[in-house]
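Participant: dropping a prediction and its sequence here:
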Amino acid sequence: MADYKCFFCLKSVEPQYVKKKVRCPYCGSKVLFKPRTRSTHVLAR
């Protein structure tokens, strides 16, 4: 399962908390997001 982070306190939220209810266990916020990895673009020569 994907890792989620809280939008307000920026702490990682464990997958078990997301399965039961969508709330940050640290601050109680309902806004969570999945951090994206940065992709590198390579130019062909």
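Facilitator: Cool, the structure landed. Note that the structure is a prediction, hence the values are computed from the model and not measured.

Participant: from what I can see Cys24 touches Leu10, true?
Facilitator: No: taking contacts as CB atoms under 8 Å, Cys24 lies outside contact range of Leu10: 9.9 Å. Quick note: C-beta positions are derived from backbone N, CA and C, even for glycine.

Participant: more neighbours: the two, which one.
Facilitator: The neighbour comparison of Cys24 against Leu10 (other CB atoms under 10 Å) goes to Cys24, with 22 against 12.

Participant: what bridges to the nearest residue to that one once chain neighbours are set aside?
Facilitator: Spatial nearest neighbour of Cys24, chain neighbours left out: Cys6 (4.0 Å); criterion: CB to CB, 6 or more residues apart in numbering. For Cys6, the beta-bridge partners under DSSP bridges are Leu32.

Participant: and for Cys6, the neighbour number?
Facilitator: 20.

Participant: which residues sit in contact with it?
Facilitator: Val13, Cys24, Tyr26, Cys27, Ser29, Val31, Leu32 (CB atoms under 8 Å, 6 or more residues apart in numbering).

Participant: by neighbour count, which of those residues wins?
Facilitator: Cys24 (22 neighbours).

Participant: return the per-residue confidence for the residue lying closest to Phe8 once chain neighbours are set aside.
Facilitator: Closest residue to Phe8 apart from its sequence neighbours, by CB to CB, 6+ apart: Ser29 at 4.6 Å. Here the pLDDT value assigned to Ser29 is 90.
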